[in-house]
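Colleague: pasting the sequence and the predicted coordinates here, then a few questions.
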Amino acid sequence: MEVLAYSYRGDFKDLIYTGHVAVVDHTGKLLYSAGDPDKVAFARSSAKPMQAMCAFEAGVVDAYGLSEDEISLLCASHNGEVMHTEGVRSILGKAGMDESVLQCGEHAPLYEPAAKALEEAGLPFSEIHCNCSGKHSGMLITAKHLGEDLSTYYTREHNVQKRITAMIGDLCDVAPESIVLGTDGCGVPVHALPLRNFAMGIARLAKPECLEGPRADYARRITAAMRKYPLMMSGTGRIDAALMEHLNVYAKSGADGYYIVGLMDQGIGIAVKIDDGNGDVRNMVVVEVLRQLGIINDSNIEHFQPWVKKEVRNHKKELVGYTLVDFQLHKAE
């Protein structure tokens, strides 16, 4: 395992964070790495753009007239802000459904002001506030359009989920049966495969002309929607939005230390996994990878300062340490 970052308490290296990075082109060629680029890990929510490809392939995006901001929401791990909940209601409504059909589980909005607004209004949070409700709405309208059972759409035995696994296998050049399946936080199957392969799939979406047939158009529309409406697929204060607002990339966070970035038009994909799942360290590593690749530089680094260095403070809010990245990408031979 390779150390990617340290947390200091004072001047003492208190904690270490190991992880893995794969930078791959659309042909599968490894360009740069850190740690083990073949590390098998659950892609978690970083798979959502690939999952959205299935909604296009089933014809539901155009059948129900989804707008670009709603396409972005299909790929979201959203904050639960009003724009997100209203967007999910709109998507479901276009297929004649409401939020009662969602089976993604409940949690308070990730955006603290949104959670506080519900509390002050005396309103409960529900499944529509779940950060994965946009993805689930896409699965539901697909099942509805194809006449499939709505009550079991989230199970791995359902055709919606089988098509997603097959899509990920096709894009990432792995046999679907070799993909390790688990259960994600929102109840749907989650997919584990080597970082190198997943990064190649991300690269292909970033260079859609390398895809065959209508999938090229689907990829182009998905990444364009994410980049045009980055707040819809993430939310206020999120690194995903910052990267897409200021760089020519598409980006998607995943839980437990996973992250992907596609360099638009270059056909290069990046997959990052932090071993202990630390999200703050993951974000700092992503920024550092992009800096070492020259995508982030002196002209734009100001937009990413929240993810360059993390302060460690005690209960009295006193500064007692900090977390910093400390690694160098290895160029593939």
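Modeller: Done, it's in.

Colleague: could you pull out the helices in this protein for me?
Modeller: 48-57, 60-63, 68-74, 82-94, 112-121, 133-145, 159-172, 195-206, 215-228, 239-246, 279-292 (DSSP state H).

Colleague: okay, those helices in a markdown table with mean neighbour count, mean pLDDT and distance to residue 264 next?
Modeller: Any C-beta I mention is one placed from the backbone N, CA and C, and that applies to glycine too. Compiled in a markdown table, the helices of the chain are given as follows (neighbours: other Cβ atoms under 10 Å; pLDDT from 0 to 100; distance: least, Cβ to Cβ, whole Å):
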| stretch | mean neighbour count | mean pLDDT | distance to residue 264 |
| --- | --- | --- | --- |
| helix 48-57 | 25 | 98 | 13 |
| helix 60-63 | 18 | 97 | 21 |
| helix 68-74 | 24 | 98 | 15 |
| helix 82-94 | 20 | 98 | 24 |
| helix 112-121 | 13 | 94 | 30 |
| helix 133-145 | 26 | 98 | 22 |
| helix 159-172 | 20 | 98 | 16 |
| helix 195-206 | 28 | 98 | 5 |
| helix 215-228 | 21 | 98 | 7 |
| helix 239-246 | 21 | 98 | 10 |
| helix 279-292 | 22 | 98 | 13 |
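
Colleague: which stretch among those helices comes nearest residue 303?
Modeller: helix 239-246 (4.6 Å; Cβ to Cβ).

Colleague: show me what the closest one is packed against.
Modeller: strand 249-254, helix 279-292 (3 or more Cβ pairs under 8 Å, 6 or more residues apart in numbering; DSSP states H and E).

Colleague: swap in 6 Å and give it another go.
Modeller: strand 249-254 (3 or more Cβ pairs under 6 Å, 6 or more residues apart in numbering; DSSP states H and E).

Colleague: columns distance to residue 311 on top of the helices of the chain, output as a markdown table?
Modeller: As requested, the helices of the chain are arranged in a markdown table below (distance: least, Cβ to Cβ, whole Å):
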| stretch | distance to residue 311 |
| --- | --- |
| helix 48-57 | 31 |
| helix 60-63 | 43 |
| helix 68-74 | 32 |
| helix 82-94 | 29 |
| helix 112-121 | 19 |
| helix 133-145 | 32 |
| helix 159-172 | 37 |
| helix 195-206 | 29 |
| helix 215-228 | 30 |
| helix 239-246 | 17 |
| helix 279-292 | 11 |
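
Colleague: quick check: chain neighbours aside, which residue is closest to residue 171?
Modeller: Ranked by Cβ to Cβ, 6 or more residues apart in numbering and with sequence neighbours excluded, the top spatial neighbour of residue 171 is residue 201, at 3.8 Å.

Colleague: and that neighbour, how far from residue 219?
Modeller: 10 Å (Cβ to Cβ, to the nearest Å).

Colleague: with residue 315 instead?
Modeller: Distance from residue 315 to residue 219, by Cβ to Cβ: 47 Å.

Colleague: quick check: longest strand of the protein.
Modeller: strand 12-25 (DSSP state E).

Colleague: off-centre distance for it?
Modeller: Centroid displacement of strand 12-25 relative to its chain, using Cα atoms, centre = their mean, to the nearest Å, is 19 Å.

Colleague: partner strands of it, with direction?
Modeller: The strands beside strand 12-25 in its sheet (DSSP bridges) come out as strand 2-9 (antiparallel), strand 30-34 (antiparallel), strand 268-274 (antiparallel).

Colleague: could you give the angle of the last one to helix 195-206?
Modeller: What it means is strand 268-274. Angle, strand 268-274 to helix 195-206, by axes from the mean of the first three to the mean of the last three Cα atoms, to 10 degrees: 140 degrees.

Colleague: determine the angle, from 0 to 180 degrees, between strand 268-274 and strand 249-254.
Modeller: 20 degrees.

Colleague: and if you look at the first one?
Modeller: Between strand 2-9 and strand 249-254, the angle comes out at 70 degrees (the same axes, to 10 degrees).

Colleague: next, the angle from strand 2-9 to helix 279-292.
Modeller: Put simply, strand 2-9 runs at 120 degrees to helix 279-292, going by the same axes, to 10 degrees.

Colleague: what residues does strand 2-9 touch?
Modeller: 13-19, 34-35, 281, 285, 321-323, 325-327 (Cβ atoms under 6 Å, 6 or more residues apart in numbering).

Colleague: do the shortest one as well
Modeller: Applying Cβ under 6 Å, 6+ apart, the external contacts of strand 30-34 come out as 2, 21-24, 37, 327, 329-332.

Colleague: try it again at 7 Å.
Modeller: Applying Cβ atoms under 7 Å, 6 or more residues apart in numbering, the contact partners of strand 30-34 are 2, 4, 20-25, 37, 196, 268, 327, 329-332.

Colleague: repeat that for stretch 206-214.
Modeller: 26, 204, 216, 219-220, 223, 250, 262-269.

Colleague: can we see that at 10 Å?
Modeller: 25-27, 53, 56-57, 170-171, 203-205, 215-224, 248-250, 260-270 (Cβ atoms under 10 Å, 6 or more residues apart in numbering).
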